[in-house]
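**Student:** Dropping the sequence and predicted coords here.
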Amino acid sequence: TVNDETKTEKDGQKEKAKTIFYNIPSPVEMAELTQRANLNYDADVINSLEKVDQYTSTKSMALNLGVYGADLSYTRLYDQVQESINYLSAVRKLSENLGVPQSMEGYTVSRLEKNINNRDSLLFIITEIYSNADFYLKENERGSTAALVITGGWIEAMHIATNIVDENDPNTEILERIAEQKFSLENLIKLLESKFETMGSLQDVYDLLLELKAAYDKIELEHNPGNVVTDEENKLTSIHSKTQIYVNFEQIKEIKKINDKLRDMITS
C-alpha cells in the first residue's frame with residue numbers, strides 16, 4: 001500500500017540520517033582526546049557565558065547550544081566543577097528558549113545536575129544528549145534544529161582541538177584526529193543538505209564548511225584494508241584496518257584558520 005511505501009521511505013531516510021549522525025564524533029570524544037594528550041586546561045578556548053543572552057534567533061540559539069554543549073564536555077573532563085555547572089545553566093537556558101519539549105530538557109538536565117560530581121556518568125549523559133537530540137527534535141518536526149545543534153558542537157570541538165595544539169611541539173595523535181575529521185565534515189555537510197531545502201540564513205555557515213572541506217581535501221588519507229581475524233571460541237570476527245594519514249602542520253593551520261572564522265561567526 002501507499003502508506004507502507006511512505007513508511008518504508010521514511011524509515012530509510014531516518015536510517016540514513018542516523019548513519020550520518022553517528023559518524024559525527026561527539027564533542028566528548030574530542031575533549032577526551034585533548035585530555036589524553038596531557039594538554040593543560042585552557043579557559044580561553046571556550047565561549048564566554050556572558051554572550052548567552054545575545055543568542056535570540058532559532059539559528060543562533062541552536063548553533064550555540066551545540067557550542068556550549070562542547071564547552072560543558074571540555075570543562076567537566078578537566079574537573080572544572082563550578083565551570084561545568086555554569087555551562088550547564090547556559091545549555092539549560094538555550095534549550096528552554098528553543099522550546100525543546102520539557103520532557104526532554106527536564107530528563108537530561110536533572111540527570112546532569114545529579115551526576116555533576118560523577119565524571120563517567122556525566123560524560124555518558126552528555127554523549128547521550130547529543131545522540132538523542134536528533135531523535136527528540138525530529139519527533140517534533142525539528143530535525144533542522146537538531147542539525148544546527150550538532151553543527152555548533154562539531155565546530156566548537158574542532159575549535160578547542162585546533163587551538164590547544166602546541167605549534168612548537170604538536171601532538172601527533174591530535175593532529176591525526178583533526179585530520180580524520182575530514183570524514184565527519186563530509187557527513188556534517190550531508191546532514192545539513194538533507195535537513196535544509198535551501199540554505200537561506202545558513203548560507204554563510206554552509207559556504208565556510210565547504211571552504212573547510214576544500215582545505216581538508218589537501219590531506220591525504222589512505223585506507224588499508226586489514227586482516228580479518230576470527231576468534232572461533234567466542235564467535236567473534238574483527239577486522240584490523242589502518243588509515244594512513246599524511247598531514248603537516250601547515251594544513252592543520254589552514255583548517256584552524258577557517259574553523260576559527262566559522263566559530264567567530266556563530267558565537268559573536
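**Tutor:** Happy to help now that I have it. Every value quoted in this text rests on a predicted model; they were computed, and no experiment measured them. Numbers count the residues shown, from 1 in each chain.
**Student:** I believe I245 is in a helix; please confirm or correct that.
**Tutor:** No. I245: not assigned to a helix; according to DSSP: H, G, I helix; E, B strand; the rest coil it is strand.
**Student:** tell me the contacts of it?
**Tutor:** Contact analysis of I245 by CB atoms under 8 Å, 6 or more residues apart in numbering lists E176, A179, E180, I219, E220, L221, E222. (Glycine included, C-beta is placed from N, CA and C.)
**Student:** Kindly reformat those residues as CSV containing pLDDT, secondary structure and distance to K256.
**Tutor:** Formatted as CSV, the contacts of I245 follow (pLDDT from 0 to 100; DSSP: H, G, I helix; E, B strand; the rest coil; distance: CB to CB, whole Å):
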residue, pLDDT, secondary structure, distance to K256
E176, 81, helix, 15
A179, 86, helix, 12
E180, 83, helix, 15
I219, 87, coil, 13
E220, 84, strand, 19
L221, 75, strand, 18
E222, 73, strand, 23
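**Student:** for those, which one is nearest Q251?
**Tutor:** I219 (5.5 Å; CB to CB).
**Student:** quick one, what contacts the closest one?
**Tutor:** By CB under 8 Å, 6+ apart, the contact set of I219 is A179, K182, I245, Y246, V247, Q251.
**Student:** Looking at these, which two lie furthest apart in space?
**Tutor:** K182 and Y246 (11.6 Å).
**Student:** between those two, what contacts are shared?
**Tutor:** Here K182 and Y246 have I219, L221 as joint contacts, going by CB under 8 Å, 6+ apart.
**Student:** The two - which one has more neighbours?
**Tutor:** K182 (20 against 11; other CB atoms under 10 Å).
**Student:** show me where pLDDT drops low in the stretch 51-200 of the chain?
**Tutor:** Across the stretch 51-200 of the chain, the ranges flagged by pLDDT under 70 are 100-113, 116, 119-143.
**Student:** what ranges do the helices span in it?
**Tutor:** 58-77, 81-97, 102-114, 119-139, 143-163, 172-195 (DSSP state H, counting those that start in this stretch).
**Student:** Using CSV, lay out those together with distance to V45.
**Tutor:** Listed next are those as CSV, based on distance: least, CB to CB, whole Å:
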stretch, distance to V45
helix 58-77, 8
helix 81-97, 12
helix 102-114, 22
helix 119-139, 18
helix 143-163, 5
helix 172-195, 13
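**Student:** Between these, which one is closest to K261.
**Tutor:** helix 143-163 (10.3 Å).
**Student:** For the closest one, output the C-alpha coordinates as PDB.
**Tutor:** C-alpha atoms of helix 143-163 as PDB (Å, rounded to 0.1, in the frame of the first residue of the first chain):
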ATOM      1  CA  GLY A 143      15.200  17.900  12.500                       C
ATOM      2  CA  SER A 144      16.800  21.000  11.100                       C
ATOM      3  CA  THR A 145      17.200  22.500  14.600                       C
ATOM      4  CA  ALA A 146      18.900  19.300  15.700                       C
ATOM      5  CA  ALA A 147      21.300  19.500  12.800                       C
ATOM      6  CA  LEU A 148      22.300  23.000  13.900                       C
ATOM      7  CA  VAL A 149      23.000  21.800  17.400                       C
ATOM      8  CA  ILE A 150      25.200  19.100  16.000                       C
ATOM      9  CA  THR A 151      27.000  21.600  13.700                       C
ATOM     10  CA  GLY A 152      27.700  24.000  16.600                       C
ATOM     11  CA  GLY A 153      29.100  21.200  18.700                       C
ATOM     12  CA  TRP A 154      31.300  19.900  16.000                       C
ATOM     13  CA  ILE A 155      32.700  23.400  15.200                       C
ATOM     14  CA  GLU A 156      33.400  24.100  18.900                       C
ATOM     15  CA  ALA A 157      35.100  20.700  19.400                       C
ATOM     16  CA  MET A 158      37.300  21.400  16.400                       C
ATOM     17  CA  HIS A 159      38.000  24.900  17.800                       C
ATOM     18  CA  ILE A 160      39.100  23.600  21.100                       C
ATOM     19  CA  ALA A 161      41.300  20.800  19.500                       C
ATOM     20  CA  THR A 162      42.900  23.100  16.900                       C
ATOM     21  CA  ASN A 163      43.600  25.900  19.400                       C
END
